[in-house]
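**Q** I'd like to go over a predicted model; first the sequence, then the structure.
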Amino acid sequence: MIYLDTHIVVWLYAGLTDKFSETARALINDHELFISPIVRLELAYLREIERLTTDSNAIISDLAQRIGLQICDKAFNLVVQSALALPWTRDPFDRLIVANAAVHDDILLSKDSNILTHYTFARW
């Protein structure tokens, strides 16, 4: 099982697989794919500020059908408790996305250099 950062979800939806590293491609092909529920909210936010034109639910539904993407159902309080131990970012989306993966030390696929520097199980 691996978790996907928001930009990975956007690139997968848009078919921009050429943006992925070889490691990223292998992880996507070899694991079950999950997102934190906060990714849904961040996608909606990106649509609200006109950086995306597609509804977050449509993106996630499409990827669920095409690649089996699943939304994690970990208890929110557990994720927030994990987020309290991540003072290296002030971005609430990144903090909760990482915290969601960190609850069980799962891999988080991200190209974000801050996440890669600070989260031991981040991969690109």
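**A** Arrived safely.
**Q** which residue lies farthest from the center of the protein?
**A** E50 (19.7 Å; CA atoms, centre = their mean).
**Q** who touches that one in this structure?
**A** For E50, the contact set (CB atoms under 8 Å, 6 or more residues apart in numbering) is empty. In this view, the C-beta of every residue, glycine as well, is placed from N, C-alpha and C.
**Q** What of A102?
**A** Applying CB under 8 Å, 6+ apart to A102 gives the contacts 82, 85-86, 119, 121.
**Q** measure it to L69 for me?
**A** Using CB to CB, to the nearest Å, we find A102 at a distance of 20 Å from L69.
**Q** With F121 instead?
**A** Distance of F121 to L69, computed by CB to CB: 19 Å.
**Q** of those two, who's got more company?
**A** Using other CB atoms under 10 Å, the more surrounded residue of F121 and L69 is L69, with 21 against 14.
**Q** Just give the nearest non-adjacent residue to that one, would you?
**A** Nearest residue to L69 in three dimensions, chain neighbours excluded: L63, at 4.0 Å (CB to CB, 6 or more residues apart in numbering).
**Q** just to confirm, which helix or strand has the one you found in it?
**A** helix 56-67 (DSSP states H and E).
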